[in-house]
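> sequence first, predicted coordinates after that:
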Amino acid sequence: MGGDHGPSVTLAACRAFLDRHTSAALLIVGAPAALAGFSHRRATLIQASEVVAMDDPIEVALRRKKDSSMRVAIQQVKDGSAQAAISAGNTGALMAIARYLLKTMDGIDRPAIAPQLPNIKGGATTVLDLGANIDCDAEDLLQFAVLGSALVSALTGNESPTVGLLNVGEEAIKGSETIKKASQLLRIAANSQDLNFYGNVEGNDIFKGTTDIVVCDGFVGNVALKASEGVASMIGEFIRIEFSRNIYTKAAAVVAYPVIKAFKSRLDHRRYNGAALLGLRGLVFKSHGSADAVAFGHALDRAYDAARNNLLDRVRTRIAHAAPLLARHDSTTPVTPAALHA
């Protein structure tokens, strides 16, 4: 029911998803009138009497709309009826409801939003957090690194993905005190083989694909996400204008069409839609609110891959191994391996 377009997009994406994945089943939650007419032998329609609006305050979504489609969907995960929940609705409400119903895993203080951004290597860089946590301390950033490593391992099969810490420079002396402490914690985690820490990275490294994972606070991460979407749209519009100026540029466009098509496909943000809310005791994925049917379909695919590749078990395993590092310590205590394992 959520997002800018609602069922006109999500139901079309659901039908296409079921056609692609013949062993998958969907529980589709929404208002009865909106779901009327949809039928598929591997889809079950579940009614909800309320909808969380995109501008609803978190308090309204969490406390007053207890039969919202968003809440009912996440309840399916809590009850074990579904392995994952996907929504294109209000991000703050989704995070609040998911955290309230599912709770966070032991050793994790804050769930993080972890989408993927395209890089020039032809793959994608996982970045977290992308907006759930504006103010983060060093321990939060360490937790994000552990969560991101589990996600990338589950989805790609790479058991030792590289982790970069987003900073204003690569040098260890740069950055705020929080970033410097986070860097120390990540290096200790690397020494204990809990992480494959590359070191500090800068904003352009996200798109270079320097590391598999980039860790940052939610404020910086959300700015990076919106900037990348803006740049992709700008490049696409620039190409359209330049190649439509006159007969010569149109002829050039015909010759260059295969390259242009491949380039636009690589930058198409729809391919990377679907961000995991990591750190919860259940799988929840957030689709972009403006997603069309293609983009929402990619969010469904991402959630499906996470479920069948046992993402939750992988996260639990990594958290258990890194438990001594994830425990919070007195800020006056020096950050050393001995202090962390005391």
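In hand now; what should we look at?
> low-confidence ranges in this structure?
228-243, 248-250, 252-269, 328-342 (pLDDT under 70).
> so where do the helices sit in it?
For the chain, the helices defined by DSSP state H occupy 7-20, 32-35, 58-59, 69-79, 91-102, 138-156, 177-191, 203-208, 218-242, 247-267, 293-308, 311-321, 323-326, 337-340.
> okay, those helices in a markdown table with distance to Val168 next?
For glycine as for every other residue, the C-beta is placed from the backbone atoms N, C-alpha and C. Formatted as a markdown table, the helices of the chain follow (distance: least, CB to CB, whole Å):
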| stretch | distance to Val168 |
| --- | --- |
| helix 7-20 | 39 |
| helix 32-35 | 47 |
| helix 58-59 | 32 |
| helix 69-79 | 37 |
| helix 91-102 | 27 |
| helix 138-156 | 15 |
| helix 177-191 | 8 |
| helix 203-208 | 9 |
| helix 218-242 | 10 |
| helix 247-267 | 26 |
| helix 293-308 | 31 |
| helix 311-321 | 28 |
| helix 323-326 | 25 |
| helix 337-340 | 26 |
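> out of these, which is closest to Gly279?
If you check each of the helices of the chain against Gly279 by CB to CB, helix 138-156 wins as the nearest, at 5.5 Å.
> buried ones in that closest one, by neighbour count?
138-155 (16 or more other CB atoms under 10 Å).
> just stretch 40-55 next, same as before
The neighbour-count check on stretch 40-55 (16+ other CB under 10 Å) flags 40, 43, 45-46, 48, 50-53 as buried.
> likewise for stretch 161-180?
Within stretch 161-180, the residues that count as buried by 16+ other CB under 10 Å are 161-167, 175, 178-180.
> so which of these sit within strands?
Per DSSP state E, strands hold the following members of these: 162-166.
> neighbours around Ser39, how many?
Per other CB atoms under 10 Å, the neighbour tally for Ser39 reads 9.
> what does Gly199 give?
By other CB under 10 Å, the residues close to Gly199 number 18.
> before we move on, what about Glu202?
16.
> surely it touches Leu166?
Yes. Using CB atoms under 8 Å, Glu202 is in contact with Leu166, at 7.4 Å.
> out of everything not next to it in sequence, what's closest to the most centrally placed residue in the chain?
Closest to where the C-alpha atoms of the chain average out (CA atoms, centre = their mean) is Ala275, at 2.3 Å. Leaving aside its sequence neighbours, Ala275 sits nearest to Pro115 (CB to CB, 6 or more residues apart in numbering; 3.6 Å).
> distance of that neighbour relative to Asp205?
To Asp205, Pro115 is 16 Å away according to CB to CB, to the nearest Å.
> neighbour count for the two, which is higher?
Pro115 (26 against 19).
> for that one, what are its contacts?
By CB atoms under 8 Å, 6 or more residues apart in numbering, the contact set of Pro115 is 126-128, 130, 225, 272-275.
> how close does it get to Leu128?
8 Å.
> which of the buried residues of stretch 40-55 fall within strands?
Here DSSP E is the test, and the buried residues of stretch 40-55 give 43, 45-46 as lying in strands.
> with distance to Leu101 as added columns, please give those residues in TSV.
Converted to TSV, these look like this (distance: CB to CB, whole Å):
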residue	distance to Leu101
Ala43	23
Leu45	21
Ile46	15
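> quick one on the thing from earlier: bridging residues for the residue nearest to the centre of the chain?
Note on Ala275: beta-bridge partners by DSSP bridges are Lys286.
> so who does it touch?
Ala275 neighbours (CB under 8 Å, 6+ apart): 113-116, 130, 285-286.
> the closest residue to Gln116 other than its chain neighbours and Gln83: what is the separation?
Nearest non-adjacent residue to Gln116, counting by CB to CB, 6+ apart: Ala124, 3.8 Å away. In this view, Ala124 and Gln83 are 23 Å apart by CB to CB.
> so what's Val29 up against?
Neighbouring residues of Val29 by CB under 8 Å, 6+ apart: 1, 46-48, 69, 72-73, 76.
> same question, Asp212
125-126, 152, 156, 158, 161-163.
> any idea how far it is from Leu278?
To Leu278, Asp212 is 15 Å away according to CB to CB.
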